[in-house]
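J.: Sequence and predicted model, in that order:
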Amino acid sequence: MKTCPPPKTPPPFFGAAFARFNIATDKLRRCKVIKKTAPFIFAKTKTAPFATAVLKVKQKIAALLFGAALCFGAAAGGIEIAEFDTAEQDARYRNLVKELRCLVCQNQMLAESDAELAADMRAVIARMVRGGAEESEVIRFMTARYGDFVRYRPPLQWKTAALWILPVAPVLLALCCFPLWTRRRRAVLDAEKLRRAAEILQEETE
Amino acid sequence: MNRFLPLLFFLPLAVIMFAGLQLNPRAVPSPLVGKPAPQFSLPLLRDAPETPPQKVSPENMKGKAWLLNVWASWCVGCRAEHALLLKMKDGGAEIVGLNYKDKAEEARDWLLQHGDPYVFSAADADGAAGLDWGVYGVPETFVVDGGGVIRYKHIGPLDDAAVEETILPLLKELQKTPS
């Protein structure tokens, strides 16, 4: 069985470029500190401006590498971009990939899953949406293949009834029991007791 | 009585949750069981590059009870169940391979190295047929009857228990009653 791809970590290339970038800027900063605290070092030697120039070039290269790594990383680990002709189709697609579950990484929606199957399913959904399929059509297509499990919101059936009813059951139960409960408390104050209470009150006021 | 009221709620909950622990969350019941097997027409995975290209489909197995085994050379679980497939083949089971999202050369090498338990393998390079069959975790094995209806689906690598207790008895029964 195929396992879930690991969570997105920057590719090694990314890390190396980042480290180089850090080193370069760090060196530069140190140079600036030296410049501030002991300007004579820079003012009086001929190599110093050259060194900073070299560092600047290095920094630029590092920045370039960093940018390239960002692009590369996005392409390698990210989720492909689906483009549509109309905003309506785009919205439908976006909604669908949030409504449907990735079967490989079971608690991820299709929209966020890196698994290969999720990418395949997204491609099929995009194709169907481009072809003018309604949302219900796509959902029917996927449930026909993967069952109701593919939906984050399973339909109300006998099998799923507990799923829908259990969260509201305590509230319903409380609503039902509340009148009973209050009635019982009221019943304690029956006519006899009320009369006695009135008597006591009267005695006190006298 | 009131003292035991929380227990009244807790016990059923504990029973339900304990039962839930016994379930395998990866085994998602397939809606395809009991339904006609999805059709496909895919290139045959050839034993040698010289073999002429050919299309295969579930129609090739019409009238027979057969197994569809979804496999790939990159799939670790497939390697694990491979010996069982070879044993089933020797026992007379007709197994069709669906070579899922694989490269033809690698798949061919894999079969040469480990043995070929399949009547034939269909090359599903882009996984489209796999999607139609609701494949989500390779390996998967389907039992299809003579009328082309899916009778059973096993998700993940086959094991002795599944083969001996479920798949082979079912296959034998389906072979006896051609529909």
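T.: Cool, got the structure.
J.: what stretches of chain B score poorly on pLDDT?
T.: B:1, B:178-179 (pLDDT under 70).
J.: residues from it in reach of chain A?
T.: Selection of chain B residues close to chain A by C-beta under 8 Å from any C-beta of the partner chain yields B:25-26, B:28-32, B:75-77, B:101, B:126-127, B:131-134, B:136-139, B:155-157. (Each C-beta comes from the backbone N, C-alpha and C, glycine too.)
J.: Quick one: classify the residue in chain B that chain A sits nearest to as helix, strand or coil.
T.: Using C-beta to the nearest C-beta, the closest approach of chain B to chain A is made by residue B:136 at 3.5 Å. The three-state assignment at residue B:136 reads coil, by DSSP: H, G, I helix; E, B strand; the rest coil.
J.: got the contact list for it?
T.: A:103-104, A:117, A:146, B:28, B:155 (C-beta atoms under 8 Å, 6 or more residues apart in numbering or on different chains).
J.: related to what we said a few turns ago, which members of the residues of chain B next to chain A are classed as buried?
T.: The neighbour count (16 or more other C-beta atoms under 10 Å in any protein chain shown) marks B:28, B:30-32, B:75, B:77, B:101, B:127, B:131-134, B:136-139, B:155-157 as buried among the residues of chain B next to chain A.
J.: quick one: the helices in chain B?
T.: For chain B, the helices defined by DSSP state H cover B:5-21, B:76-90, B:104-114, B:128-132, B:160-161, B:168-176.
J.: Can you say which of those helices is packed in most?
T.: Of all the helices of chain B, helix B:128-132 has the most neighbours on average by mean count of other C-beta atoms under 10 Å in any protein chain shown, namely a mean of 21.
J.: Give me the residues contacting it.
T.: A:120-121, A:124, A:145, B:38, B:40, B:42, B:70, B:98, B:100-101, B:122, B:124, B:138.
J.: same check, this time on stretch B:149-159
T.: The contact list for stretch B:149-159 (C-beta under 8 Å, 6+ apart) reads A:1, B:26-28, B:30, B:32-37, B:77-78, B:80-81, B:84-85, B:136-137, B:139-145, B:162, B:166-167, B:170, B:174.
J.: picking that back up, using TSV, lay out the helices of chain B together with distance to residue B:55.
T.: Formatted as TSV, the helices of chain B follow (distance: least, C-beta to C-beta, whole Å):
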stretch	distance to residue B:55
helix B:5-21	45
helix B:76-90	23
helix B:104-114	14
helix B:128-132	12
helix B:160-161	35
helix B:168-176	26
